[in-house]
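A.B. asks: sequence? don't have it. structure:
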């Protein structure tokens, strides 16, 4: 298992896109592949790869010089519950910390709030609806200091 940054439009990016669509959009009756994804060229893409197959992914969207918003984290069904998501998130936090990122933010679906809380993320504000389902904004400081 290898966790790595993947280039926009690479084969790994295309695999991650399909995984995100399959797990996060199609169950809601939405199709990520029909959306304009051109802004994703500005995002940092990460994936967990096993035998040349992307089995987990997450995007980091720069919000400011020291803040990043994580979005569309997905772990293939066959790899859920095995620590793959935790390992991906911990590696991404480390890589982003090395780039000077201090704060990570994300909008967690209601059913995975506990997952993020176990990894040190805290809830911010009230729950809200996004892509037709309840979400909670969450945040984690990964570098202390000014």
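C.D. replies: Good, I have the coordinates. Everything quoted here is computed from the prediction, not taken from an experiment.

A.B. asks: and the next element down the chain from the longest helix along the chain?
C.D. replies: In the chain, taking DSSP state H as the definition, the longest helix is helix 84-98. Going down the chain from helix 84-98, the next helix or strand is strand 103-109, by DSSP states H and E.

A.B. asks: Show me what secondary structure element comes after that following strand.
C.D. replies: Next along from strand 103-109, by DSSP H and E: helix 113-118.

A.B. asks: contact partners of the helix or strand following that following helix?
C.D. replies: The C-terminal neighbour of helix 113-118 among helices and strands, as given by DSSP H and E, is strand 122-130. Applying C-beta atoms under 8 Å, 6 or more residues apart in numbering, the set of residues contacting strand 122-130 from outside is 105, 107, 110, 113, 117, 134, 135, 136, 137, 138, 139, 140. From N, CA and C alone the C-beta is placed, and that goes for glycine too.

A.B. asks: any idea of the mean pLDDT in strand 122-130?
C.D. replies: Strand 122-130 shows a mean pLDDT of 94.

A.B. asks: what bits of this protein have low per-residue confidence?
C.D. replies: By pLDDT under 70, the low-scoring segments of the chain are 144-146.

A.B. asks: picking up where we left off before, give me the buried stretch members for the longest helix of the chain, please.
C.D. replies: 84, 85, 88, 89, 91, 92, 93, 95, 96 (16 or more other C-beta atoms under 10 Å).

A.B. asks: isn't the second one right up against residue 56?
C.D. replies: Yes - in this structure residue 85 lies within contact range of residue 56 using C-beta atoms under 8 Å: 6.1 Å.

A.B. asks: Now the common contact residues for the two.
C.D. replies: Residues within reach of residue 85 and of residue 56 at once, by C-beta under 8 Å, 6+ apart, are 73, 75.

A.B. asks: still on that earlier bit, what distance separates the longest helix of the chain from the centre of its chain?
C.D. replies: Helix 84-98 sits 10 Å away from the centroid of its parent chain (C-alpha atoms, centre = their mean, to the nearest Å).

A.B. asks: All set, thanks.
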